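*Asks:* Please work out how this folds:
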Amino acid sequence: ASDLITAAAYSTNKVKPFFRGGRPQVVNEFLSKTKLGQSEEGSYIVSILTPIPPKPLNIEEGVAKPFSRRVTTKLNSSLVAINNSAIQYVANGDLQVFKDSIGQGISANLCDAISDLIGDEELDIEANFSWSHSWGNEDVPSLVRIPSDSIGILREVSTYLKEVAPLDNFPFEGSVVKLE
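*Replies:* Now for the predicted structure:
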């Protein structure tokens, strides 16, 4: 479950198909304050608690919501995008639909996190979202279900997104052929 919220935090901070290397400071700060709740006895239910500061009384319109709220909203939108993209992929067989949805939070990291949660079990994942009243409810589904039969697709998508992800900050050597 922690990999799931980590993938959402990465995608909130920067849109990329695959995140590798060290975590940005804002992601580390968020994760240090995020808590995994006690799982319920005899179940696979895990709560993820993300702290959110109270909304100031004199806040102006257009002021950015706290990072923790944006991460939770991104997790929701990314799970919805995973489902929608999987349906399109089954219909047309083109993995590009997933790459086109990275702005909604889809990444190889997210696909891996979901695959790891389900593992070899034939269980669906249900994500229930409840929102702090201080910042109001979000206009997103409160329940998102990822069917277990999507796992094969998500593993394939993860590999694809890792292959198409640009490499950041790497040395490149070569000869200059022509300067204009």
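
*Asks:* Scan this protein for its longest helix.
*Replies:* The helix that spans the most residues within the chain, counting by DSSP state H, is helix 67-92.

*Asks:* tell me what that one is packed against?
*Replies:* Packing partners of helix 67-92 (3 or more C-beta pairs under 8 Å, 6 or more residues apart in numbering; DSSP states H and E): helix 2-13, helix 25-33, helix 96-99, helix 108-118, strand 125-128, strand 143-146, helix 151-164. All C-beta spots, glycine's among them, are computed from the backbone N, C-alpha and C.

*Asks:* tell me what the lowest-mean-pLDDT helix or strand in the chain is packed against?
*Replies:* Across the helices and strands of the chain, the lowest-confidence element by mean pLDDT, DSSP states H and E is strand 48-49, at a mean of 80. Identification of packing neighbours for strand 48-49 by 3+ C-beta pairs under 8 Å, 6+ apart yields helix 2-13, strand 35-36.

*Asks:* mind putting the ones you listed in CSV, distance to L75 included?
*Replies:* Putting these into CSV (distance: least, C-beta to C-beta, whole Å) gives the following:
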stretch, distance to L75
helix 2-13, 4
strand 35-36, 14
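
*Asks:* how about these in a markdown table, adding mean neighbour count and distance to G119?
*Replies:* Below are the helices and strands packed on strand 48-49 laid out as a markdown table (neighbours: other C-beta atoms under 10 Å; distance: least, C-beta to C-beta, whole Å):
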| stretch | mean neighbour count | distance to G119 |
| --- | --- | --- |
| helix 2-13 | 22 | 13 |
| strand 35-36 | 11 | 18 |
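
*Asks:* Out of those, which gets the lowest mean score?
*Replies:* In terms of mean pLDDT, the lowest-scoring of those is strand 35-36 (a mean of 82).

*Asks:* what about that one, distance to the chain center?
*Replies:* 17 Å (C-alpha atoms, centre = their mean, to the nearest Å).

*Asks:* Which among the helices and strands packed on helix 67-92 is found nearest to V71?
*Replies:* V71 sits nearest to helix 2-13 of all these, at 4.7 Å, using C-beta to C-beta.
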